[in-house]
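# Here's my sequence, what's the structure:
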Amino acid sequence: MMEAHKYRNLSNEEKEELFSNYLLDSWSFSKVDSFARNEKAFEMNYVYREPSKFSASSVAGTAYHSALKLYFSELKDGVKIDVADMQIVAIEEIEKVKPNKWKTQKTTPTIEECRKKATEVAIALINNFLSDVSVYEGDMKEIISVEVYCDQFLTINGVDIPLPCHSIIDLVIKTNEDKIVVIDHKSKSSFSDEKELKFSIGKQAITYVKMLETQNDIHVDEVWFVENKYSQNRDKSPQLNCFKMILDKDTRRLYEALLYEPLKRMLEAISNPDYVYLINEADNFVDKAELYEFWTKTMISEVEDYQIPENKKELISKRLRKIRDASIGTINPKTIKEFRRNAAAFIQYDLTNKDMTKEEKIEHTLNTLGIKVNIAHTFKGYSSDTFLINVSSGTNLSSVQKYKLDIASALNVSSIRMMKDLFVYEGKSYLAIESGKQREQDLLFDATLVDGQKIPIGVDNFNKVIYWDTDNASTPHMLICGSTGSGKSVCIISIFEYAKLIGFTDIVLFDPKFEFTRYAGKGIKVYNDIDDIEKAMEELVVTMNELVKTSGKRKTLVVFDEFADAVASSKSGNALKIYKEVPEGTFANGNIKYKRVLAETKKSLEENLKILLQKGRSSGFRIIAATQRASVKVITGDAKVNFPVQICFKVPKETDSKVVLDEAGAESLSGKGDGLMKSPDYSGAVRFQAFYKS
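Predicted coordinates for the structure are as follows:
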């Protein structure tokens, strides 16, 4: 039976008012455990949202959890998967970790080494699991749920906790004896001592139990903690060890009392913006240099330097002002900065905290990896910076490519782009690296940049305007691709505004997703419904054919947004066939007998688009086709032949970039108009910032 709780039935407005008194909006066992172990680490990770970097073993543990989620989800449906499926999921999870999120260490000094170690550990964990799977399945009658997300107000030790508890429970099963069991997967380098587990693990167990029982109105009998030791036992004993916790009434009371004490202290701390979080010097689970570096950062930083949610910025801002005022009043700011540099120096393999320029970080990273380089030139762009690098003679340039992730980690960005070819500047060749950054200003639409029949697309990192030459016979049509938020739509808007300035009086916009309806009637014909799009496309082909016959020209810009979705939902097959009734004979009563015959088969939307692309260029038609989906089914080889100008904004994966541009790079863009353009007018893919037209 769900316990009554005085905060559970509050309105959203009342909850918002309640949460405004706390630095956090929820609690969990991991937060309570972190607070109890090391308050300063808790402050860094949860109050200021400055997460620690992930070691190879911690990433491997996450990957192992993902593999088990797949295994038990399929098993719940009666399907038993094999090791390959689990390994694929684990490796995909490892690949998701951005370079600047890895924690490089003495044994794993490069990102590649981190990934390699994480993969080896994850695969070892999966193999161990499959070898000893009877630990789970030996007494399993039924899988009730896999990875249960819980979000509930709880009563702990008789006290209604004013914040909801958020948690994910790995596995819930029913045993052959009809007991309900919560199971938590753990990856370990060595097994825990069972005597210590009885007390240390009880707080986690009771948190899960209270969560599940409150949310699902069931009674949990036991909690199992299954440890998987990834280092191999020399005596060939099992790699999995299951610690079972039986939850009788007295055990529950004990663990609730043990949980309540640190939980209460944590709540008191996060309800007091002036609370001083202490560093636990004896905590071996954290990087103390990292903590001290964070501590000094709070003395000299503003709230904008942290990823703080909007509803907590005011509280954190007040806290930072008090910290800064107090510290500057007692400690010289130069001393604080010097201390911070000293703390950062002990974080041996993490350059993000070092007091170095970006150029110095790139040089240092490659030099320590045995590649002698120096930065010859730096160019500051809107969304990215370009570094031109001198590489010492005799260096295999492909060897630099494999350290892209390490450079990204040093610069604290999710990825970097290395130009595929050497870049020539002032008569000399350089290796070029582009690193994304937080854009400080928009590149605004500027009518004065129009040059003849050239449409300005954006500005590159060398402050040169990038154009689409609509008068060039080799660049008649353009393909634009980019995921949501990449800047694709904004770029399209600026293009047809520039098109009006250079004399395109006939602009047609096919807009099946209704993104540009506000432009209808502003010198632009906008079609949204698929039937209207098909009809308008047919009329364009008719007009084009008439112009071809008379050698006429008409400057027409056709913008087809989300063309792939429109083609997929357009008429095909029998729907394109038009029938008519013709006399076949006369009935005995004198009525005419008719039969239905095929009169014509209309061309599909896709066929008409292809005709317009292939024949329309000579009669003045210029076509832009745009899509969010960088799929080979959408952007086929035949399609790309018709679009010599290709623009790709940010896409999720490297393979998406290769589909559009035939090379990687678009997956590392910053979004919001940061793009790559390939055109016969330029050498290689040019990075640019697109114009913004409000």
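# Which is the succeeding secondary structure element to the helix or strand of the chain with the lowest mean pLDDT?
Ranked by mean pLDDT, DSSP states H and E, the weakest helix or strand in the chain is helix 333-345, scoring a mean of 58. Moving toward the C-terminus from helix 333-345, the next helix or strand (DSSP states H and E) is helix 358-368.
# so what strands line up beside the helix or strand following that next one?
Next helix or strand after helix 358-368 toward the C-terminus (DSSP H and E): strand 373-380. Strand 373-380 sits in its sheet next to strand 384-391 (antiparallel), going by DSSP bridges.
# hey, C-alpha coordinates of the next helix or strand after the partner strand in PDB?
Once the chain leaves strand 384-391, the next helix or strand it forms, by DSSP H and E, is helix 397-401. What follows is helix 397-401 as a C-alpha-only set of coordinates in PDB (Å, rounded to 0.1, in the frame of the first residue of the first chain):
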ATOM      1  CA  LEU A 397      50.500  12.900 -41.500                       C
ATOM      2  CA  SER A 398      48.100  10.000 -41.100                       C
ATOM      3  CA  SER A 399      49.700   9.400 -37.600                       C
ATOM      4  CA  VAL A 400      48.400  12.900 -36.600                       C
ATOM      5  CA  GLN A 401      44.900  11.900 -37.700                       C
END
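# avg pLDDT for helix 397-401?
On average, the pLDDT along helix 397-401 is 78.
# next SSE after the strand or helix carrying Tyr149?
For Tyr149, the host element (DSSP H and E) is strand 140-152. Sequence order places strand 155-156 as the next helix or strand after strand 140-152, per DSSP H and E.
# The helix or strand following that following strand pairs with which strands, parallel or anti?
Remark: after strand 155-156, the chain's next helix or strand is strand 159-160, criterion DSSP H and E. Strand 159-160 sits in its sheet next to strand 155-156 (antiparallel), going by DSSP bridges.
# Dihedrals phi and psi, Leu259?
phi -70, psi -40 (degrees, to the nearest 10).
# Let me see the contact set for it.
Listed by CB atoms under 8 Å, 6 or more residues apart in numbering, the contact set of Leu259 reads 29, 32, 156-157, 202-203, 206-207. Heads up, the C-betas are built off the backbone N, CA and C, glycines and all.
# is it possible to export the residues you listed to a markdown table including distance to Asp529?
As requested, the contacts of Leu259 are arranged in a markdown table below (distance: CB to CB, whole Å):
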| residue | distance to Asp529 |
| --- | --- |
| Phe29 | 53 |
| Val32 | 55 |
| Ile156 | 57 |
| Asn157 | 62 |
| Gly202 | 62 |
| Lys203 | 59 |
| Ile206 | 58 |
| Thr207 | 53 |
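# State the pair within these that is farthest apart.
Phe29 and Asn157 (14.7 Å; CB to CB).
# Between these two, which has more neighbouring residues?
More crowded of Phe29 and Asn157, by other CB atoms under 10 Å: Phe29, with 19 against 16.
# from memory that one sits against Lys203, does it?
Yes. Counting by CB atoms under 8 Å, Lys203 is a contact partner of Phe29 at 6.5 Å.
# in the stretch 251-400 of the chain, which segments are predicted with low confidence?
Within the stretch 251-400 of the chain, the ranges that satisfy pLDDT under 70 run 324-354, 394.
# partners of the strand holding Tyr149 in the sheet?
strand 165-175 (antiparallel).
# Helix or strand next in line after the partner strand, which one?
Counting by DSSP H and E, what follows strand 165-175 is strand 180-188.
# counting contacts, what elements does whatever helix or strand comes next after that next one pack onto?
On the C-terminal side of strand 180-188, the closest following helix or strand by DSSP H and E is helix 194-200. In terms of contacts (3 or more CB pairs under 8 Å, 6 or more residues apart in numbering; DSSP states H and E), helix 194-200 is packed against strand 240-246.
# what comes into contact with the strand it packs on?
Contacts of strand 240-246 (CB under 8 Å, 6+ apart): 128-129, 132, 135, 191-192, 194, 197-198, 201-202, 205, 221-229, 251.
# tell me the domain ranges of this protein?
1-18+26-36+140-263, 53-131, 288-345, 356-436, 447-570+603-690 (automatic domain parsing).
# give me the number of residues near the nearest residue to Gln441 once chain neighbours are set aside?
Leaving aside its sequence neighbours, Gln441 sits nearest to Tyr382 (CB to CB, 6 or more residues apart in numbering; 7.2 Å). As a burial measure, Tyr382 scores 23 neighbours (other CB under 10 Å).
# secondary structure element for Tyr382?
Going by DSSP H and E, Tyr382 is not in any helix or strand.
# now Val651
Per DSSP H and E, there is no helix or strand for Val651.
# Please apply the same query to Ile123.
Going by DSSP H and E, Ile123 is part of helix 111-131.
# now the following helix or strand past that helix, how far from the centre of its chain.
Beyond helix 111-131 on the C-terminal side, the first helix or strand identified by DSSP H and E is helix 134-137. Counting by CA atoms, centre = their mean, to the nearest Å, helix 134-137 is centred 35 Å from the centre of its parent chain.
# same check, this time on stretch 82-91
That offset, for stretch 82-91, works out to 22 Å (CA atoms, centre = their mean).
# Please apply the same query to stretch 159-167.
29 Å.
# Stretch 270-285: which residues count as buried?
Using 16 or more other CB atoms under 10 Å as the test for burial, stretch 270-285 gives 270, 273, 275, 277, 279-280, 283.
# one step back: can you pull the contacts of the residue nearest to Gln441?
Counted by CB under 8 Å, 6+ apart, Tyr382 has contacts 439, 441-443, 459, 673-674, 689.
# Equivalent analysis for Arg319, please.
Counted by CB under 8 Å, 6+ apart, Arg319 has contacts 273-274.
# do that again at 10 Å, thanks
Neighbouring residues of Arg319 by CB atoms under 10 Å, 6 or more residues apart in numbering: 23, 43, 47-48, 272-275, 298, 303, 312.
# Closest one to Ile111 out of the contacts of Tyr382, please.
Asp674 (22.7 Å).
# gap between the residue lying closest to the closest one once chain neighbours are set aside and Asn608?
Of all residues not flanking Asp674 in the chain, Ser383 sits nearest, at 3.7 Å (CB to CB, 6+ apart). Going from Ser383 to Asn608 by CB to CB, to the nearest Å gives 37 Å.
# Please apply the same query to Ser572.
Distance of Ser572 to Asn608, given as CB to CB: 12 Å.
# mind listing the strands for the stretch 201-350 of the chain?
222-229, 240-246 (DSSP state E, counting those that start in this stretch).
# Can you add mean pLDDT and give those strands back as JSON lines?
As requested, those are exported to JSON lines (pLDDT from 0 to 100):
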{"stretch": "strand 222-229", "mean pLDDT": "94"}
{"stretch": "strand 240-246", "mean pLDDT": "92"}
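# Quick one: buried ones out of the contacts of strand 240-246?
128-129, 132, 135, 191-192, 197, 201-202, 205, 221-229.
# and of the contacts of Tyr382, the nearest to Glu261?
Arg439 (47.2 Å).
# On the pLDDT front, check the closest one for me.
For Arg439, pLDDT reads 82.
# That one and Ile480: what is the separation?
20 Å.
# And the two? Which one has more around it.
More crowded of Arg439 and Ile480, by other CB under 10 Å: Ile480, with 28 against 17.
# element containing the more buried one, please.
Using DSSP H and E, Ile480 falls in strand 478-481.
# Distance from that strand to the middle of the chain?
Distance, centroid of strand 478-481 to centroid of chain: 22 Å (CA atoms, centre = their mean).
# average pLDDT for the helix or strand following that strand?
Downstream of strand 478-481, the first helix or strand assigned by DSSP H and E is helix 488-501. Model confidence over helix 488-501, given as mean pLDDT, is 91.
# What are the boundaries of the strands in the stretch 501-650 of the chain?
506-510, 524-527, 556-561, 577-586, 592-601, 621-627, 645-648.
# residues making contact with the fifth one?
The contact list for strand 592-601 (CB under 10 Å, 6+ apart) reads 573-574, 576-587.
# who wins for neighbours among these?
For these, neighbours tallied by other CB under 10 Å; top is Leu576, 16 neighbours.
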